[in-house]
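A.B. asks: No letters, just coordinates:
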């Protein structure tokens, strides 16, 4: 029971999160960032390569964006 209380305490204050800054790009960019960083964390890509992959994927998904 004590463990459950500790886990639930992690969510204290979540109702106060301000989500007004979220945009229609957030989910897609988050997914592309995770996909790109996977290679970096697995050791198959450098950080620069992973970031380049992210920028390319994000700009392909959202051509109106640039970095």
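C.D. replies: Looks like it came in fine. The shown structure was predicted, so the numbers you read here are calculated from the model rather than taken from an experiment. Numbers count the residues shown, from 1 in each chain.

A.B. asks: Same question for the lengthiest helix in the chain: list its buried residues.
C.D. replies: Using DSSP state H, we find that the single longest helix of the chain is helix 26-42. Residues 29, 32-33, 36-37, 40 are the ones in helix 26-42 that count as buried (16 or more other C-beta atoms under 10 Å). Where C-beta positions appear, they are placed from N, C-alpha and C, glycine not excepted.

A.B. asks: helices or strands up against that helix?
C.D. replies: The helices and strands touching helix 26-42, judged by 3 or more C-beta pairs under 8 Å, 6 or more residues apart in numbering; DSSP states H and E, are helix 47-61.

A.B. asks: What residues of the helix it packs on count as buried?
C.D. replies: Buried, per 16+ other C-beta under 10 Å, within helix 47-61: 50-51, 53-55, 57-58.

A.B. asks: so how far is it from its chain's centroid?
C.D. replies: 13 Å (C-alpha atoms, centre = their mean, to the nearest Å).

A.B. asks: So which elements touch that helix?
C.D. replies: helix 26-42.

A.B. asks: neighbouring contacts of the helix it packs on?
C.D. replies: With contact meaning C-beta atoms under 8 Å, 6 or more residues apart in numbering, helix 26-42 is reached by 45-47, 49-51, 53-54, 57-58, 61-62.

A.B. asks: again with stretch 56-65
C.D. replies: Stretch 56-65 has contacts (C-beta under 8 Å, 6+ apart) with 25, 28-29, 32-33, 35-36, 66-67.

A.B. asks: I appreciate the help and will end here.
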